[in-house]
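K.L.:
Would you be able to build a 3D model of this:
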Amino acid sequence: MMSDLETNIDTLLVDQPRPQPQPAAVEYEYQHQQPRSRKQSFMRKWGPALVAIAGVIALNFALIGGPSFSNVPALNEKQLFARKLGAERTAAVEAMDFDFEKAKLDRKMGRNFGSRNLSESDGGIMEYTRRRHRVLGDYVHEDVSDQFTAFGKWTVSIIYFAFWVFLMFPNWFLPIGRPGIALGGGLTMVVYRFVLYSFGHGPMFDAEKVIILEPLFLLFGLMLTTIYLEKMERGGLFDKLRNSLDDPVNWKRSWKIMLMSTIGSAAVMNDSVVLIFSGVVVDLCVRHKVANSMPYLLSLASTANIGSAFTMTGNPQNILIVSLAYDDISWTEFLMNMVLPVLGASLVNTIMVFLWYGQELFPGSSGIGEHLAILFTGRKTPEIIALENAHQAKLAQNPVEESGGWSIWSKLQVLIAAIFLSCFALGYDVCVVSISTGCVLMVVNAYKHQHYDPRDDLTEYDAEGNALPPKRMYDMDGNEIEPEEEELITESETTLTEVDYGLLLLFMGQFLLIGSFDDTGVPQAFFAFTMGDCADQMTSVPCVYWFVMIITILSNVASNVPVCQMLAATFPYATPYDWMQVSFSATIAGNLTMLGSAANMIVAFQAAKVGDRSFTSERHAPFGIPSTILSLYLGTFILTSIHFAPECSEKLGTCEDEYYQYDNAAEYYQYGDDAAAGENQYYEQEEDAQDYYN
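P.N.:
Just a heads-up that it's a prediction; the model follows:
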């Protein structure tokens, strides 16, 4: 009897009419309520990540000789010579007079330390070094760690890591959201630092200084530009880009997203690419009713970070590195050095995405062998054929209307976007370019809305659908009041309200948290302690692999931009090759965890805005850790083996041919020219150069 009743209930449920098509967000929630595969075990989910972590630790200990660094060679003559010249130049710079008030004014006017190629009349390389040291010390990091007590350092660090955990796993606590958590953490840090200062446990916290305005300006400009590119015209440039990424076959759609993200990030910065296309990727997932959007969002975020390593304008840390590097690094030089490592990292990441999410991207496939057959021989499983047939049937039922070519507004969008990309490539200020582009698009959209768009139909209808006559209004004397001319809805009431101000608050809160944590000196102490004997040869084999691991940890704990700032102040005379290694490792390390890069946060935030909350730290880390470690170490090996950037500093003088014609520094100073010998006024007191260096 009970069995018959259950059968009847099932029949009734099956016979119920199918739900009607819903709007995008509702449809997305509906399709995500469908049954999913059973939950993975802990080891199946986290096993590859744990193996990757254990493997990289074992590899590095084998290379450097364990905690004692027994396999690290002593500094060679070239490294000793470079260290000596750096110390001499720093001492000479610190002995020079400096107008602090004028320098402060120059910073406010945006003049910073000027051109690297100052003429002799302007002071030459010494004047450039003087300016750079003063500005670098002021801009990057002012060391106030000695003003903290042990209690102050420990408590600030505890607060920082507590909010770091809250940001990593926001769903474990109250439903506040990452912007609220970050802003609350930043304000908590400001108040607590004032309490520490009042009781003598730490210095005053200069909160205004740690909030870096450039990324905030850039994000605002990019959001403004993105909104107008999307909203200006239905079927315009944005819709054409969306359609170009569409494909009924899952793995092809993922591949198109990765290719677009890699190329776009190299051209216009990773943050702008993920800001523009996060909503597009979610829309494609909704269109194809996929049960798991994580492969596609990861395809966007991970390749955006990797692709941004191609160029010096690909991400904020690269822009900062080029501006703070002691020697000139040209756009082409940067690209030539990064091509092979980035291609290697991209290959590893693509393979990992296809393997990790093979069930979703290759439906019906029996394993890796069939994955390869689908990729390279065009083989199709019954499930893939069904997807293609369903797509064709949908197109036949709802044929796509031909747009009739490009309208004048689409052409304007293309023209403005082309100018926007050109200004990026030519090295103009990215903040000014993005905000200016958004403002131009706003004016064009307002003009189109006022003069070309059809007015809204305000006619009211009765229950039978008949149009009602317009209402008449009268004054106290019975005179009819003429209706005023209809007012247009302004841009401030519509599009400007769509700017994601919560994302800006998220970054402001993180700046406050990270800035206060950096003040304690804990990240710097961690770097100095963990690098050990590798500190003075961080990009030499075998130290470079240990250095990459430390940078990866710091980039995910204290963010990659502050790490680059710290290294610029710690190693002001780093060579172009040193900076290439820093750039590559700090950028690729952003894929390790959700908080590793701004691009990851933007993808998660933008996807959540349209109802997709699948991109979480718990789901990102099991894939991100092994994929990042493999990509990072393969790319580092390639960059170490094949690079064109000099391993010496021309500005510092360590590339001089005269020095390398002799066997050691003693012979150079004894027989070199008078100018070179005169630089070492203290060497005469020592028996040989090695004693002097020691």
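
K.L.:
Regarding residue 573, what is its secondary structure?
P.N.:
Following DSSP: H, G, I helix; E, B strand; the rest coil, residue 573 is assigned to coil.

K.L.:
contacting residues for the residue nearest to it when sequence neighbours are not counted?
P.N.:
Excluding the flanking residues, the one nearest residue 573 by CB to CB, 6 or more residues apart in numbering is residue 86, at 4.3 Å. Using the backbone N, CA and C atoms, a C-beta is placed for each residue, glycine as well. By CB atoms under 8 Å, 6 or more residues apart in numbering, the contact list for residue 86 reads 572-573, 652.

K.L.:
Between those, which sits nearest residue 454?
P.N.:
Taking CB to CB as the measure, residue 454 lies nearest residue 572 of those, at 61.4 Å.

K.L.:
pLDDT score assigned to the closest one?
P.N.:
Here, the pLDDT recorded for residue 572 equals 78.

K.L.:
Please verify my assumption that it contacts residue 327.
P.N.:
No - between residue 572 and residue 327 there is no contact under CB atoms under 8 Å: 11.3 Å.

K.L.:
tell me which strands and helices the strand or helix carrying residue 333 is in contact with?
P.N.:
In this assignment (DSSP states H and E), residue 333 forms part of helix 331-356. If you count contacts as 3 or more CB pairs under 8 Å, 6 or more residues apart in numbering; DSSP states H and E, helix 331-356 packs onto helix 250-268, helix 294-308, helix 368-377, helix 576-588, helix 617-641.

K.L.:
got TSV for these, with mean neighbour count and mean pLDDT too?
P.N.:
Below are those laid out as TSV (neighbours: other CB atoms under 10 Å; pLDDT from 0 to 100):
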stretch	mean neighbour count	mean pLDDT
helix 250-268	22	89
helix 294-308	29	93
helix 368-377	14	88
helix 576-588	27	91
helix 617-641	22	93
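
K.L.:
Switch those over to JSON lines; also include distance to residue 54.
P.N.:
Shown next, in JSON lines, are the helices and strands packed on helix 331-356 (distance: least, CB to CB, whole Å):
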{"stretch": "helix 250-268", "distance to residue 54": "28"}
{"stretch": "helix 294-308", "distance to residue 54": "22"}
{"stretch": "helix 368-377", "distance to residue 54": "23"}
{"stretch": "helix 576-588", "distance to residue 54": "20"}
{"stretch": "helix 617-641", "distance to residue 54": "11"}
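
K.L.:
Out of those helices, which gets nearest to residue 524?
P.N.:
Closest to residue 524 of those is helix 576-588 (CB to CB; 15.1 Å).

K.L.:
Check which helices and strands whatever helix or strand comes next after that closest one sits against.
P.N.:
Note on helix 576-588: by DSSP H and E, the next helix or strand toward the C-terminus is helix 598-609. Under the contact criterion of 3+ CB pairs under 8 Å, 6+ apart, helix 598-609 touches helix 178-198, helix 270-287, helix 294-308, helix 501-519.

K.L.:
Isn't residue 145 up against residue 523?
P.N.:
No - Residue 145 lies out of contact with residue 523 (CB under 8 Å); the separation is 10.0 Å.

K.L.:
more neighbours, these two?
P.N.:
The residue with more neighbours, out of residue 145 and residue 523, is residue 523; 22 against 19, by other CB atoms under 10 Å.

K.L.:
and the more buried one, what element?
P.N.:
Assigned by DSSP H and E, residue 523 belongs to helix 522-531.

K.L.:
cool, residue 157 as well?
P.N.:
Following DSSP H and E, one finds residue 157 within helix 150-168.

K.L.:
could you give the mean pLDDT of that helix?
P.N.:
If you average the pLDDT over helix 150-168, you get 90.

K.L.:
residues in contact with residue 265?
P.N.:
Residue 265 neighbours (CB under 8 Å, 6+ apart): 273, 303-308, 310, 314-315.

K.L.:
repeat that for 7 Å
P.N.:
Contact analysis of residue 265 by CB atoms under 7 Å, 6 or more residues apart in numbering lists 273, 304, 307-308, 314.

K.L.:
roughly how far apart are the nearest residue to it once chain neighbours are set aside and residue 447?
P.N.:
Counting by CB to CB, 6+ apart, residue 265 lies nearest to residue 307, which is 3.7 Å off, once chain neighbours are set aside. With distances taken as CB to CB, to the nearest Å, residue 307 is found 35 Å from residue 447.

K.L.:
now residue 580
P.N.:
With the distance defined as CB to CB, residue 580 ends up 46 Å from residue 447.

K.L.:
Residue 266 too?
P.N.:
34 Å.

K.L.:
Residue 318 too?
P.N.:
37 Å.

K.L.:
So which of those two has more stuff around it?
P.N.:
Ranked by neighbour count (other CB under 10 Å), residue 318 and residue 447 place residue 318 first, with 28 against 10.

K.L.:
For burial, what's the neighbour tally of the closest residue to that one other than its chain neighbours?
P.N.:
Sequence neighbours aside, residue 312 is the residue nearest to residue 318 in space, at 5.0 Å (criterion: CB to CB, 6+ apart). By the criterion of other CB under 10 Å, residue 312 has 24 neighbours.

K.L.:
cool, and the one 4 residues further on?
P.N.:
Taking other CB under 10 Å as the neighbour definition, residue 316 ends up with a count of 24.

K.L.:
Pull the contacting residues for it.
P.N.:
For residue 316, the residues meeting the contact criterion (CB under 7 Å, 6+ apart) are 215, 561.

K.L.:
Residue 333 now?
P.N.:
Listed by CB under 7 Å, 6+ apart, the contact partners of residue 333 are 644-645.
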